[in-house]
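# coordinates for the following, if possible.
(2 chains)
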Protein chains: 2
Amino acid sequence: MLVIGENINASNRSVAEAMASRDREFLEGLAKAQAEAGADFIDVNAGAGQDAREHGSESMEWLVELVQAATDRPLAIDSDVPGVIEAALSRYRGERLIINSVTAEPERLATIGALAAERKAWLVALAMGAGGIPDTVEKRLAACELIMDHLTRLGMAAEQIFFDPLVLPIAVDSSQGLVTLKTIEQIKSRYPGARTVMGLSNVSYGLPNRKLVNRGFLLMAAHAGLDAAILDPLDAKTMSLVKVADMLAGNDPFCKGYIRAHRKGSIVD
Amino acid sequence: MLVIGENINASNRSVAEAMASRDREFLEGLAKAQAEAGADFIDVNAGAGQDAREHGSESMEWLVELVQAATDRPLAIDSDVPGVIEAALSRYRGERLIINSVTAEPERLATIGALAAERKAWLVALAMGAGGIPDTVEKRLAACELIMDHLTRLGMAAEQIFFDPLVLPIAVDSSQGLVTLKTIEQIKSRYPGARTVMGLSNVSYGLPNRKLVNRGFLLMAAHAGLDAAILDPLDAKTMSLVKVADMLAGNDPFCKGYIRAHRKGSIVD
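The predicted structure follows:
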């Protein structure tokens, strides 16, 4: 499973403060620590909302330069503002790259899809349209179909598309865990070339012991066909379970990856 | 998910010693502790091999009486010797009951199947014949087909059959996790009324941090369709994940079971 490290995100207060004070050391440390913990990609989010639309490009450019200098891991450019994504791409020198994210909304698909197609990037596509997260599998798949149609017309291959099935809190509706898991299965069955990616933490919103719930969901989603997860790679228990999931799914020949991680002391229970 | 507490098993040295010295207190404690920890059934295994065939009935009768006196949970009578199972049934006063286990071997199906049919018990059926655990999904399903044919001819309903897909160590063959998970999926798809049950620990044989691997496997198997697990209910982390799996699979309306367990302090990470 691909791990996209989520920690450099301006919605975290410490990251927002470090960005506001241009505290390079803190952010470089966060990039390096995630890479050392095994993140395959480092997500970079310079803010959202009105502020992002007005000043996001400058902050994003600064962040992209900073993280590239700190680690050799590829980046996931995390913004829904085409101008901010373009600004990030203008500074990004790597070849492998994720753009995170687009939705089924036509104008987003047109602009962000074009950027991804031109740069041959992988693109995270949220299974939703303008109306927010749909509460059924069918509606999420309808969004995926729109996305797939539009992106393939732009010349993108299914392999470039990482569908995010999305997850709503089970504390609000106990069927929502299954809705997400079934959406993953259906995406994998309808679009065999495409991949799936998910952030976990929404599922446990409002519940105690959220990390335990998130980890359980990660394992169930791995069996449903999840290819990548956006998570905190500094959570050693979660990273241990990523290794376990890969091994149990037959993706770790001779259990070499798991045993190597154990010898490094990074498998924790 | 149904939890079958595995602790009263003569293959555990402390249990064997307690049985040899007729240490009632130790074994009653083990039964009560499992019930308090949330086991739905208490497995009772009085020994295997030559010794079981010769002296198993007497030990089993003693154990069945003892555990029934200690807790009101139903039992899983764990033996592959028809005479020992019969001895257990002669002492068991409960209505709900699991017989653990039968294989696809015709003479076992005939004798143990008849006992289960007569007593209207649930029966654990291992997806294997005389040749040991098959290494492919197809061969395991062929064993299940033989079992289903034979048991339905004896008058058993699919609902009484708990297929054990079996698991071989992934340290020996990295595909074996998937073989088991796919066997579960196929059983659930071919026999919608039947249920599935599994012991987890074989999967991690030869690996470090075995419990972590077992727990990961439990979550993936839960998503594949596992209905019951034979496990150590005194392992609080595992029991917490059973609650998480039930909740995420939509089997815990309003997350009530999970939140109640949390308030009791029994959800641990």
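# let me know the average pLDDT across stretch A:244-252.
For stretch A:244-252, mean pLDDT is 97.
# please disregard the earlier target; I meant stretch A:103-110.
Stretch A:103-110 shows an average pLDDT of 97 in the prediction.
# quick check: residues of the stretch 51-200 of chain A near chain B?
Neighbours of chain B within the stretch 51-200 of chain A, by Cβ under 8 Å from any Cβ of the partner chain: A:I170, A:A171, A:S174, A:S175, A:G177, A:L178, A:L181. All C-beta spots, glycine's among them, are computed from the backbone N, C-alpha and C.
# verify the assumption that the first one is located in a strand.
What that stands for is A:I170. No - A:I170 sits outside any strand when classified using DSSP: H, G, I helix; E, B strand; the rest coil, being coil.
# next up, the contacts around it.
Counting by Cβ atoms under 8 Å, 6 or more residues apart in numbering or on different chains, A:I170 makes contact with A:Q176, A:G177, A:V203, A:S204, A:L207, A:V213, B:M247, B:L248, B:C255.
# quick one: pLDDT of the residue lying closest to A:I133 once chain neighbours are set aside?
Once flanking residues are discounted, A:I133 sits nearest to A:L166: 4.9 Å by Cβ to Cβ, 6 or more residues apart in numbering or on different chains. Looking at A:L166, its pLDDT stands at 98.
# can you give me the neighbour number for the residue nearest to A:V64 when sequence neighbours are not counted?
Distance criterion Cβ to Cβ, 6+ apart; nearest residue to A:V64, sequence neighbours excluded, is A:R91 at 4.5 Å. Neighbourhood size, A:R91 [other Cβ atoms under 10 Å in any protein chain shown]: 16.
# does A:R91 touch A:L66 like I think?
No - checked against Cβ atoms under 8 Å, the pair A:R91 and A:L66 is beyond contact range at 9.9 Å.
# name the nearest residue to A:H150, sequence neighbours excluded.
The shortest distance from A:H150 to any non-neighbouring residue, by Cβ to Cβ, 6+ apart, is to A:L109 (4.3 Å).
# what's the neighbour count on that neighbour?
For A:L109, the tally of surrounding residues (other Cβ under 10 Å) stands at 22.
# that one touches A:D149, doesn't it?
No - A:L109 is not in contact with A:D149 according to Cβ under 8 Å; the separation is 9.2 Å.
# looking at this, A:H150 is in a helix?
Yes - under three-state DSSP, A:H150 falls within a helix.
# show the model's pLDDT score for it.
Looking at A:H150, its pLDDT is 97.
# ok, now A:W122?
A:W122 is given a pLDDT of 98.
# list only those of the contacts of A:I170 flagged as buried.
A:Q176, A:G177, A:V203, A:S204, A:L207, A:V213, B:M247, B:L248, B:C255 (16 or more other Cβ atoms under 10 Å in any protein chain shown).
# ok, so of those residues, who is nearest B:E61?
The closest of those to B:E61 turns out to be B:M247 (Cβ to Cβ; 39.6 Å).
# and that closest one, what does it touch?
Residues in contact with B:M247 (Cβ under 8 Å, 6+ apart) are A:I170, A:S174, A:G177, A:V213, B:C255, B:G257, B:Y258.
# quick one: which of those is nearest B:S59?
Checking the contacts of B:M247 against B:S59 by Cβ to Cβ gives B:G257 as the nearest, at 35.9 Å.
# looks like that closest one contacts B:V244 (just checking).
No - under the criterion of Cβ under 8 Å, B:G257 makes no contact with B:V244, lying 10.2 Å away.
# neighbour count for the two, which is higher?
Taking neighbours as other Cβ under 10 Å, B:G257 and B:V244 compare with B:V244 leading, 29 against 16.
# CA-only coordinates of the one helix or strand that one maps to in PDB, if you can.
Following DSSP states H and E, the helix or strand that holds B:V244 is helix B:236-248. What follows is helix B:236-248, C-alpha atoms only, in PDB (Å, rounded to 0.1, in the frame of the first residue of the first chain):
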ATOM      1  CA  ALA B 236      -8.000  -7.000  25.300                       C
ATOM      2  CA  LYS B 237      -6.600  -5.500  22.100                       C
ATOM      3  CA  THR B 238      -8.000  -8.300  20.000                       C
ATOM      4  CA  MET B 239     -11.400  -8.000  21.700                       C
ATOM      5  CA  SER B 240     -11.400  -4.300  21.100                       C
ATOM      6  CA  LEU B 241     -10.800  -4.900  17.400                       C
ATOM      7  CA  VAL B 242     -13.700  -7.400  17.300                       C
ATOM      8  CA  LYS B 243     -15.900  -4.500  18.500                       C
ATOM      9  CA  VAL B 244     -14.300  -2.200  15.900                       C
ATOM     10  CA  ALA B 245     -14.900  -4.700  13.100                       C
ATOM     11  CA  ASP B 246     -18.500  -5.200  14.000                       C
ATOM     12  CA  MET B 247     -19.100  -1.500  14.100                       C
ATOM     13  CA  LEU B 248     -17.400  -0.800  10.800                       C
END
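# which of the residues in that helix are buried?
By neighbour count on 16+ other Cβ under 10 Å, the buried set for helix B:236-248 is B:A236, B:T238, B:M239, B:S240, B:L241, B:V242, B:K243, B:V244, B:A245, B:D246, B:M247, B:L248.
# tell me the contacts of the third one?
Just to be clear, that refers to B:M239. B:M239 neighbours (Cβ under 8 Å, 6+ apart): B:V3, B:A37, B:G38, B:P233, B:S266.
# CA atoms only: put the least confident helix or strand in chain A by mean pLDDT into CSV for me.
Within chain A, no helix or strand scores below helix A:49-70, which has a mean of 88 by mean pLDDT, DSSP states H and E. Taking Å, rounded to 0.1, in the frame of the first residue of the first chain, the C-alpha atoms of helix A:49-70 are listed here in CSV:
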residue,chain,number,x,y,z
GLY,A,49,-10.8,28.5,1.7
GLN,A,50,-10.7,32.2,0.9
ASP,A,51,-7.2,32.6,2.2
ALA,A,52,-5.9,29.9,-0.1
ARG,A,53,-7.5,31.4,-3.1
GLU,A,54,-5.9,34.8,-2.3
HIS,A,55,-2.5,34.0,-1.0
GLY,A,56,-2.3,30.2,-1.5
SER,A,57,0.1,30.3,-4.5
GLU,A,58,2.9,32.0,-2.7
SER,A,59,2.7,29.8,0.4
MET,A,60,2.5,26.7,-1.8
GLU,A,61,5.5,27.7,-3.8
TRP,A,62,7.5,28.3,-0.7
LEU,A,63,6.4,24.9,0.8
VAL,A,64,7.1,23.0,-2.4
GLU,A,65,10.6,24.3,-2.5
LEU,A,66,11.2,23.7,1.2
VAL,A,67,10.0,20.1,1.1
GLN,A,68,11.9,19.2,-2.1
ALA,A,69,15.1,20.5,-0.5
ALA,A,70,14.4,18.4,2.7
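# helices and strands around that helix, which ones?
In terms of contacts (3 or more Cβ pairs under 8 Å, 6 or more residues apart in numbering or on different chains; DSSP states H and E), helix A:49-70 is packed against helix A:13-20, helix A:24-36, strand A:41-45, strand A:75-78, helix A:82-91.
# on that earlier part again, return the distance of the residue nearest to A:I133 relative to chain B.
From A:L166 across to chain B, the span is 15 Å (Cβ to the nearest Cβ, to the nearest Å).
# then A:S201?
Look at A:S201 and chain B: by Cβ to the nearest Cβ, they are 14 Å apart.
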